[in-house]
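**Q** One predicted model, sequence on top.
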Amino acid sequence: MTTVLLTKELWEVLKKGNDLRNSVAHGHKEGTITQRMADLKKALLDWSSPEQRPGVKAMTDTQIVSTAFHSTGSFLIVAALKLEGKY
């Protein structure tokens, strides 16, 4: 049985993604949004395996955001299902 690890790196991706979302939603300055995007990319790189990192580095901003939320969301869903005894 595979264990789903909700690592601090995974939570950092979610936090940085939420920070970016908040900056966009609240109309922060472009420089703030650019920095939040860089923070999210760094968090995603830190969470990625060494084999995944070259692909992440080559992603566009849209791909970074999509990958960050899709990938972390998948881990959270599996963890929730495990808690409910459904996985």
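**A** Cool, got the structure.
**Q** quick one: low-confidence ranges for this structure?
**A** The model of the chain has pLDDT under 70 over residues 1-4.
**Q** ok, which stretches of it are helices?
**A** In the chain, the segments counted as helices under DSSP state H are 8-25, 30-47, 53-57, 61-83.
**Q** Output the ones you listed in CSV, with mean neighbour count appended to each entry.
**A** Where C-beta positions appear, they are placed from N, C-alpha and C, glycine not excepted. Below are the helices of the chain laid out as CSV (neighbours: other Cβ atoms under 10 Å):
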stretch, mean neighbour count
helix 8-25, 17
helix 30-47, 17
helix 53-57, 13
helix 61-83, 14
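**Q** gap between residue 21 and residue 53?
**A** Here residue 21 is placed at a distance of 24 Å from residue 53 (Cβ to Cβ, to the nearest Å).
**Q** For residue 53, give its distance to residue 23.
**A** Counting by Cβ to Cβ, the gap from residue 53 to residue 23 is 25 Å.
**Q** An error on my part: the question was meant for residue 34.
**A** According to Cβ to Cβ, residue 34 stands 9 Å off from residue 23.
**Q** Could you do residue 29 as well?
**A** If you measure residue 29 against residue 23 using Cβ to Cβ, the figure is 9 Å.
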